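Participant: Quick one: sequence plus predicted model below, questions after.
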Amino acid sequence: MPNLKTSIKDLRKNKRREINNDRLRVRTKKAIKKFKTLVTENNPEEAKVTLKHIYKVLDKAAKKNVIKDNKADRLKGRLTKNLNKLTQNNVQTAKKSA
């Protein structure tokens, strides 16, 4: 247990920050998980909407230094690539059936 007054304040501050950071981390993980299920279910329209939301959440997390900027960019790129594959596959199957 800290003895100094400033150390006690720091401990309080760190606990608050930890709660906020955990909340943001969970929010990003849930959004990514939802997106991945939409991609596996072959639902590109809802996946596009979810991807917009993921961009917002990842940018906020990177801004608040919960995750690093490059990690946020890397995740956004990979998820976008998955969505592009999905839409490309849908276009090809539509051409084949026509």
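Facilitator: Good, I have the coordinates. Numbering: from 1, shown residues only.
Participant: Okay, the residue most central in space within the chain and Lys76: tell me how far apart.
Facilitator: In the chain, the C-alpha nearest the mean C-alpha coordinate belongs to Thr28, at 3.5 Å (C-alpha atoms, centre = their mean). Distance of Thr28 to Lys76, given as C-beta to C-beta, to the nearest Å: 11 Å. Backbone N, C-alpha and C define where each C-beta goes, glycine included.
Participant: separation between Lys48 and Phe35?
Facilitator: Remark: distance between Lys48 and Phe35 (C-beta to C-beta) = 10 Å.
Participant: Quick one: the helices in this structure, in order.
Facilitator: Using DSSP state H, the helices of the chain run over 5-40, 44-63, 69-97.
Participant: most neighbours per residue, which of the ones you listed?
Facilitator: Among the helices of the chain, ranked by average contacts under mean count of other C-beta atoms under 10 Å, first place goes to helix 44-63 (a mean of 16).
Participant: quick one: pLDDT of Lys96?
Facilitator: At Lys96, the pLDDT value in this model is 67.
Participant: where are the low-confidence patches of this protein?
Facilitator: Residues of the chain that meet the criterion pLDDT under 70 lie in 94-98.
Participant: one more time with 90
Facilitator: For the chain, the stretches with pLDDT under 90 are 1-3, 86-98.
Participant: what's next to stretch 22-30, contact-wise?
Facilitator: For stretch 22-30, contacts defined as C-beta atoms under 8 Å, 6 or more residues apart in numbering pick out 54, 57-58, 60-61, 64, 66-67.
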